[in-house]
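Novice: model this:
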Amino acid sequence: MSNKTQQYIQNNKDKFLDELVDLLRMPSISADPAYKNDVLKTAESVSQYMEKAGLEKIKIYETAGYPVVYGEKIIDPSLPTVLVYGHYDVQPADPIDLWDSPAFEPVIKKTKIHPEGAIFARGACDDKGQMFMHVKAVEAMIASGELACNVKLMIEGEEEIGSPNLEIFVANNKELLKADIILVSDTGMLANDTPSITTGLRGLSYVEVEVTGPNRDLHSGLYGGCVANPINILTKMIASLHDENNHITVPGFYDKVKELTDAERAEMAKAPFSKEAYCEALDIEDTFGETGYSTLERGSIRPTLDVNGIWGGYTGEGAKTVIASKAYAKISMRLVPHQLPNEITELFVKHFESLAPKGTTVKVTPHHGGYPVVTPIDSIGYQAASMAYEQTFGKKPIPVRSGGSIPIIALFEKELGLKTVMMGFGLDSDAIHSPNEHFGLFNYYKGIETIPYFYSYFKDLSK
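Specialist: The predicted model follows:
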């Protein structure tokens, strides 16, 4: 590849940033029906950017939920084809009052980690910024006449609610999505001076629990101490889900967990990690987790169980002396290879229901889930990505396992028979899913610069 593509990128940096800012202004919150029109407008905007980039056969495919936006550029059927996946929907902005600036009014600010500036907005890193890197990289390659492979882009609008309609779309469009490799940037890297490639993802089981006591809210003076308080009961049930070593107590939960060898754990330990910097970034005194494992291991190769939300009773201003009829919690379990989401959900339901004392009833509602994934580092896809990072960062990337979940990675392998390369450019400190989410300008531009090299190297290695 000559320098034409890179020169195009350098000449259009301001435009690329302005366009991303416009995209980030759209509150495409898939979890909240109140934002339906905004999500649909965002899909339309993504299709327009695809057209401007030079892609063809652009179409907004309707689903039972939010649409999938598709576009392609087939330059030569004999060349390899790269299928890019991303999503245009975002997480809710709550809690809104913890944002330093409005979530959908992007601002650029300099930070200690991003001295050149970072763009603060919901979706900046997850996943609009990273998805848009691919659109812009493809635009640069097409404009400079240096697109080395055929390319197909599939950008969905329901990832943040578990991609409930993507499996049907993929299964019904296998010919349309036919490719040689899948490229995803919905992950991160270790640091701006330490590139890495994600080679593993945890799976997910997500449930909502409801504990019911009396048939109505009761006066806590007249009935306190006489009937089971659902909020008290729920908190005790949740507390019992971990033992003194922070080991999950659900029977059978660890049965299929494969322990890594000492040699494998030693390789993981080579990744740079500062516990002091980690705690400082989170404003905590110390880390916390399962006994016998490092912080990096707890966040990648070990399964977890966490409460994501808990509520019940009176939470308004002032006091209301009430024993609530119901209490609720949302609970997520991150899974490692060989743990199956449906099996784990069944184990959880059986155990949690068994914890309810007389005088209460428990209802567990499963939500979305996903399978854990491990990708090979000896494939030509991984090698091409590694060479691309080395080209733009000046050093070889480190293979790492991520604690996050992208359920569609396993879906792609099942339905399309394709492996996925995860070229993420975000950082753990980017506050995805949290207030003040942001994405470094360095990372945004470095992604756009690196992606074209992947196409070039993948073409060469595929010969």
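Novice: And the strands in the stretch 351-463 of the chain?
Specialist: 361-370, 373-374, 398-401, 420-422, 438-440 (DSSP state E, counting those that start in this stretch).
Novice: repeat for the stretch 151-300 of the chain
Specialist: Along the stretch 151-300 of the chain, counting by DSSP E, counting those that start in this stretch, strands occupy 181-184, 196-201, 203-212, 218-219.
Novice: Tell me which of these sits nearest to T261.
Specialist: When these are compared by C-beta to C-beta, strand 196-201 sits nearest T261, at 15.0 Å. In short, each C-beta sits where N, CA and C put it, glycine included.
Novice: Which other helices and strands does that closest one contact?
Specialist: Using 3 or more C-beta pairs under 8 Å, 6 or more residues apart in numbering; DSSP states H and E as the contact test, the elements touching strand 196-201 are strand 373-374, helix 380-393, strand 398-401, strand 420-422.
Novice: mind redoing it with 7 Å?
Specialist: The helices and strands touching strand 196-201, judged by 3 or more C-beta pairs under 7 Å, 6 or more residues apart in numbering; DSSP states H and E, are strand 373-374, helix 380-393, strand 398-401.
Novice: mind giving me CSV with these and columns for mean neighbour count?
Specialist: Formatted as CSV, those follow (neighbours: other C-beta atoms under 10 Å):
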stretch, mean neighbour count
strand 373-374, 20
helix 380-393, 20
strand 398-401, 20
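Novice: And these: which comes nearest K419?
Specialist: Closest of the helices and strands packed on strand 196-201 to K419 is helix 380-393, at 6.0 Å (criterion: C-beta to C-beta).
Novice: what does the closest one contact?
Specialist: Residues outside helix 380-393 that contact it (C-beta atoms under 7 Å, 6 or more residues apart in numbering): 181, 195, 197, 375-376, 396-397, 419, 421, 423, 446, 449-450, 453-454, 457-458, 461-462.
Novice: Weed out the non-buried ones from these.
Specialist: 181, 195, 197, 375, 397, 419, 421, 423, 446, 449-450, 453-454, 457-458 (16 or more other C-beta atoms under 10 Å).
Novice: Closest one of these to E276?
Specialist: P195 (22.4 Å).
Novice: Tell me who's in contact with that closest one.
Specialist: P195 sits next to 189, 389, 393, 395, 397 when contact means C-beta under 7 Å, 6+ apart.
Novice: and if you look at D430?
Specialist: Neighbour list for D430: 125, 437-439 [criterion: C-beta under 7 Å, 6+ apart].
Novice: who wins for most neighbours among those?
Specialist: Taking other C-beta atoms under 10 Å as the neighbour criterion, F439 ranks highest of the contacts of D430 with 31 neighbours.
Novice: Surely it is in contact with G426?
Specialist: Yes: using C-beta atoms under 7 Å as the test, F439 is close enough to G426 to be in contact (6.4 Å).
Novice: Let me know the angle separating the helix or strand V307 falls within from strand 203-212.
Specialist: Per DSSP states H and E, V307 falls inside strand 304-312. With axes from the mean of the first three to the mean of the last three C-alpha atoms, to 10 degrees defining the directions, strand 304-312 sits at 30 degrees from strand 203-212.
Novice: need the helices and strands packed on strand 196-201 in CSV with mean pLDDT, can you?
Specialist: As requested, the helices and strands packed on strand 196-201 are arranged in CSV below (pLDDT from 0 to 100):
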stretch, mean pLDDT
strand 373-374, 87
helix 380-393, 98
strand 398-401, 90
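Novice: these two touch, right, W99 and E437?
Specialist: No: W99 is beyond contact range of E437, at 8.9 Å (criterion: C-beta under 7 Å).
Novice: low-confidence ranges in this structure?
Specialist: Scanning the chain for pLDDT under 70 picks out 1-2.
Novice: what's the distance between the residue sitting furthest away from the middle of it and P214?
Specialist: Within the chain, the residue lying farthest from the chain centre (C-alpha atoms, centre = their mean) is L222, at 47.6 Å. Distance check for L222 against P214: by C-beta to C-beta, to the nearest Å, it reads 11 Å.
Novice: Same check on E72?
Specialist: Distance, E72 to P214, by C-beta to C-beta: 59 Å.
Novice: These two: which is more packed in?
Specialist: More crowded of E72 and P214, by other C-beta under 10 Å: E72, with 21 against 18.
Novice: tell me which element that one falls in.
Specialist: In this assignment (DSSP H and E), E72 forms part of strand 68-73.
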